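A.B. asks: When you get a sec, could you give me coordinates for this:
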Amino acid sequence: MDVPPQYNVRNPHQGQGHQRKSQRSRMNEGPTPLFEDTSTMPNPQQQYVGGQPGYGGPQQQPGFPGQQYINDPMANMAVQYGASLAGQGKDVLEQKIDRIMSVSKLKYYFAVDTSYVGRKLGLLLFPYTHTNWTVNYRTDEPVAPRYEINAPDLYIPTMAFVTYLLLAGVALGRQDRFTPELLGMQASSALVWLVIEIVAVIFTLYVMNINSALKSLDLLAFCGYKYVGMILAILGGLFFASGGYYITLIYCSASLVYFLMRNLKMFILGETDNENFGHGSKRRIYILLFITTLQPIFMYWLTYHFISGSSK
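C.D. replies: Here you go, the predicted structure:
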């Protein structure tokens, strides 16, 4: 009897059993996570510690910017070294300034009080009644202006210069010519002429080989006293037109010339006797006349254009 051939017939239930086994194995493994577990991954903030890439480094503690530089001993040393250099530079600068113009000497010319200012202004306007023109000294140093009315000071010239500029602005305003630029030009012109005057006197003293006790700051003070007369001349012109201006200018110029002749005589001529009056003393007389003659010229030059109705 013939046996029918064997056919490999696939069991339809065989694949389903294999799928059931796969599902059971996945169920035994546990439920599928909805999100990926990142607990074992490195912290991105810890990847760069101290500017270098790496893992597991110490996390930087929160603080204000620059805290690491304050705690750095090298930074503290650099700051201390810079402070010491700044202190040394300040000392060197003060020494350089002291060589050119001593601060202590400059303070001497501003050592004034209210009583001195009142008496000195009276002396500038009415010098004809004053008799003693000598400057008292104490331990080879002149007495401070507040105690010596004949001592030169820079307080009155400085305040007079500022007042002169204010009155110049008022005069220009009355002439409808006031502008900040024009007032600045007046201030610059007055300062330039003052510097030219002082330089001319110092150069003349050098050329004529005259050694005197007159210092540069003394000369600046004496040349600055003319601003007091210039203020009064402008006021005379503002209230009494050109007639008041010229009368006030002539009187203030004469008073200033007399004041300078008597006061500068002690600085330039000294205690010169008539018997020892020679060629050197004549040169000193010439320089004295030169200084005193310049003052009325500059007083007129710096004030005449403020007269009402005149043009600069």
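A.B. asks: So L249 versus L302, what's the distance?
C.D. replies: Here the distance between L249 and L302 works out to 11 Å (Cβ to Cβ, to the nearest Å). Every residue, glycine included, has its C-beta placed from N, CA and C.
A.B. asks: same question but for I247, I mixed them up
C.D. replies: Counting by Cβ to Cβ, the gap from I247 to L302 is 18 Å.
A.B. asks: try T248
C.D. replies: To L302, T248 is 14 Å away according to Cβ to Cβ.
A.B. asks: that older thread, I247 and L302: which has the busier surroundings?
C.D. replies: Counted by other Cβ atoms under 10 Å, I247 and L302 do not tie: L302 has more neighbours, with 21 against 13.
A.B. asks: Phi and psi next, for that one.
C.D. replies: Geometry field for L302 lists phi and psi as phi -90, psi 0, criterion degrees, to the nearest 10.
A.B. asks: and what of Y137?
C.D. replies: Per degrees, to the nearest 10, the backbone of Y137 is at phi -120, psi 150.
A.B. asks: For it, which residues are in contact?
C.D. replies: Listed by Cβ atoms under 8 Å, 6 or more residues apart in numbering, the contact partners of Y137 are V143.
A.B. asks: can you pull up the bridge partners for it?
C.D. replies: According to DSSP bridges, P142 are recorded as the beta-bridge partners of Y137.
A.B. asks: Go ahead and confirm L288 touches I268.
C.D. replies: Yes. Shown here, L288 and I268 form a contact pair, counting by Cβ atoms under 8 Å, at 5.3 Å.
A.B. asks: quick one: low-confidence ranges for the stretch 151-300 of the chain?
C.D. replies: By pLDDT under 70, the weakly predicted segments of the stretch 151-300 of the chain are 270-280.
A.B. asks: now with 90?
C.D. replies: 208-215, 265-283 (pLDDT under 90).
A.B. asks: helices or strands up against the longest helix seen in the chain?
C.D. replies: Looking only at the chain and at elements set by DSSP state H, the helix with the highest residue count is helix 226-268. With contacts defined as 3 or more Cβ pairs under 8 Å, 6 or more residues apart in numbering; DSSP states H and E, the packing partners of helix 226-268 are helix 114-125, helix 155-174, helix 216-224, helix 279-301.
A.B. asks: how about 6 Å then?
C.D. replies: helix 114-125, helix 155-174, helix 279-301 (3 or more Cβ pairs under 6 Å, 6 or more residues apart in numbering; DSSP states H and E).
A.B. asks: who touches stretch 200-215?
C.D. replies: With Cβ atoms under 6 Å, 6 or more residues apart in numbering as the test, stretch 200-215 has contacts from 267-268, 283-284, 287, 291.
A.B. asks: Put the buried members of the residues you listed into a ChimeraX selection.
C.D. replies: Only the buried entries of those go into this ChimeraX selection, using 16 or more other Cβ atoms under 10 Å:
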select :267,268,283,284,287,291
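A.B. asks: In TSV: the contacts of stretch 200-215, plus distance to L235.
C.D. replies: Supplementary listing: these in TSV, determined by distance: Cβ to Cβ, whole Å:
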residue	distance to L235
F267	31
I268	32
R283	38
R284	36
I287	32
I291	26
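A.B. asks: can you tell me which two in the contacts of stretch 200-215 are farthest apart?
C.D. replies: Between any two of the contacts of stretch 200-215, the greatest separation by Cβ to Cβ is 14.6 Å, found for F267 and R283.
A.B. asks: Compute the inter-axis angle for the longest helix of the chain and helix 114-125.
C.D. replies: For helix 226-268 against helix 114-125, the angle between stretch directions is 90 degrees (axes from the mean of the first three to the mean of the last three Cα atoms, to 10 degrees).
A.B. asks: Average pLDDT for stretch 131-143, rounded please.
C.D. replies: For stretch 131-143, mean pLDDT rounds to 80.
A.B. asks: how long is that stretch from one end to the other?
C.D. replies: Taking Cα to Cα, to the nearest Å, the first and last residues of stretch 131-143 lie 19 Å apart.
A.B. asks: Now that stretch: buried residues?
C.D. replies: For stretch 131-143, a neighbour-count test (16+ other Cβ under 10 Å) marks 133, 135, 142-143 as buried.
A.B. asks: and what of stretch 121-128?
C.D. replies: For stretch 121-128, the neighbour count (16+ other Cβ under 10 Å) marks 123-124, 127 as buried.
A.B. asks: same question, stretch 160-173
C.D. replies: Of the residues in stretch 160-173, 160-161, 163-164, 167-169, 171-172 count as buried by neighbour count, 16+ other Cβ under 10 Å.
A.B. asks: try stretch 292-302
C.D. replies: Using 16+ other Cβ under 10 Å as the test for burial, stretch 292-302 gives 292, 294-296, 298-300, 302.
A.B. asks: still on that earlier bit, reformat the helices and strands packed on helix 226-268 as JSON lines; add distance to Q186.
C.D. replies: Supplementary listing: those in JSON lines, determined by distance: least, Cβ to Cβ, whole Å:
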{"stretch": "helix 114-125", "distance to Q186": "23"}
{"stretch": "helix 155-174", "distance to Q186": "5"}
{"stretch": "helix 279-301", "distance to Q186": "12"}
